[in-house]
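Structural data only, the sequence is not supplied:
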């Protein structure tokens with residue numbers, strides 16, 4: 001029982017800290033930071049898959065599935081943003097205006 005409260009406390013603390021850190025970053029830096037942290041999103045995805053693999057009841061499986069789904073969308077979104085950012089630096093054709 002106590003372990004669940006400790007896990008919930010750590011989750012809430014991590015969510016609050018993450019929100020505070022990200023809210024202080026200027027908008028111009030969000031894209032480079034996201035492209036630079038894609039590897040972290042991959043690690044989160046692997047961790048979510050491991051947690052889903054160790055799930056023993058329906059609630060744990062549901063939470064693990066949601067974790068995998070959110071982590072996978074975060075990884076894909078990071079690469080899409082990186083691709084768009086790199087596309088801004090490609091030279092344009094002279095026909096494009």
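That came through fine. For clarity, every value in this text was computed on a predicted model and none was experimentally measured.

Now do stretch 50-70, average pLDDT.
Throughout stretch 50-70, pLDDT has a mean value of 91.

didn't residue 44 look like it was pressed against residue 72?
No: between residue 44 and residue 72 there is no contact under Cβ atoms under 8 Å: 9.6 Å. Quick note: C-beta positions are derived from backbone N, CA and C, even for glycine.

In contact with the residue most central in space within the chain, which residues?
The centre of the chain sits closest to residue 74, judged by Cα atoms, centre = their mean, with a distance of 4.1 Å. By Cβ atoms under 8 Å, 6 or more residues apart in numbering, the contact set of residue 74 is 41, 44, 45.

Can you give me the pLDDT of it?
84.

any low-confidence regions in this structure?
27-36, 94-97 (pLDDT under 70).

In it, spot the helix with the most residues.
Secondary structure of the chain per DSSP state H: the longest helix is helix 58-87.

So which of the contacts of residue 74 belong to helices?
41, 44, 45.

Excluding sequence neighbours, find me the nearest residue to the last one.
For residue 45, ignoring the flanking residues on the chain, the nearest one in space by Cβ to Cβ, 6 or more residues apart in numbering is residue 71 at 4.0 Å.

Could you check how far that neighbour is from residue 42?
9 Å (Cβ to Cβ, to the nearest Å).

between these two, who's got more neighbours?
residue 71 (19 against 15; other Cβ atoms under 10 Å).

dump the residue contacts of that one.
41, 44, 45, 47, 48.

Now a ChimeraX select for only the buried ones of these.
In ChimeraX, a selection of the buried entries from those looks like this (16 or more other Cβ atoms under 10 Å):
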select :41,44,45,48
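
closest to residue 78 among the contacts of residue 71?
residue 41 (5.4 Å; Cβ to Cβ).

The closest one is in contact with residue 73, isn't it?
No: using Cβ under 8 Å as the test, residue 41 is too far from residue 73 to be in contact (9.5 Å).

Off-centre distance for the helix or strand that contains residue 19?
Using DSSP states H and E, the element containing residue 19 is helix 2-23. Taking Cα atoms, centre = their mean, to the nearest Å, one finds the center of helix 2-23 at 15 Å from the center of the full chain.
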